[in-house]
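K.L.:
Sequence plus predicted model, see below.
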Amino acid sequence: MAAAGVLPLPKRLVIDLGQMPGVLDKIEGVALLTARRIAIVNDNDFNIGAFDNDGNTTGTGDPNVLVTITLDRPLK
């Protein structure tokens, strides 16, 4: 990449979402709210879970979840 003039951006781990209570395994969105606050969200995949005998979903899928997290220090 460097030969093509493309330089990777620096990165650092600011939070391990796998260790946060209340965070689902399948994160589908991350938003920066402020320099110290982020929001993470999943979706419920149309609430598809189990199906009844007629093939209709019973609405037992994962719920939508929105979690906001305040970081220890601001992002730069």
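P.N.:
Arrived safely.
K.L.:
All the strands of the protein, residue numbers only.
P.N.:
For the chain, strands defined by DSSP state E occupy the ranges 29-34, 37-41, 66-70.
K.L.:
quick one: average pLDDT of the last one?
P.N.:
Summarised as a single mean, pLDDT over strand 66-70 is 91.
K.L.:
Now it: buried residues?
P.N.:
The neighbour-count check on strand 66-70 (16 or more other CB atoms under 10 Å) flags 67, 69 as buried. For glycine as for every other residue, the C-beta is placed from the backbone atoms N, C-alpha and C.
K.L.:
closest to residue 18 out of the strands of the chain?
P.N.:
Minimum separation from residue 18 across the strands of the chain (CB to CB) falls at strand 37-41, 11.8 Å.
K.L.:
and the angle from the closest one to strand 29-34?
P.N.:
160 degrees (axes from the mean of the first three to the mean of the last three CA atoms, to 10 degrees).
K.L.:
Identify the residues contacting strand 37-41?
P.N.:
Contact partners of strand 37-41, identified using CB atoms under 8 Å, 6 or more residues apart in numbering, comprise 15, 17, 23, 27-33, 64-71.
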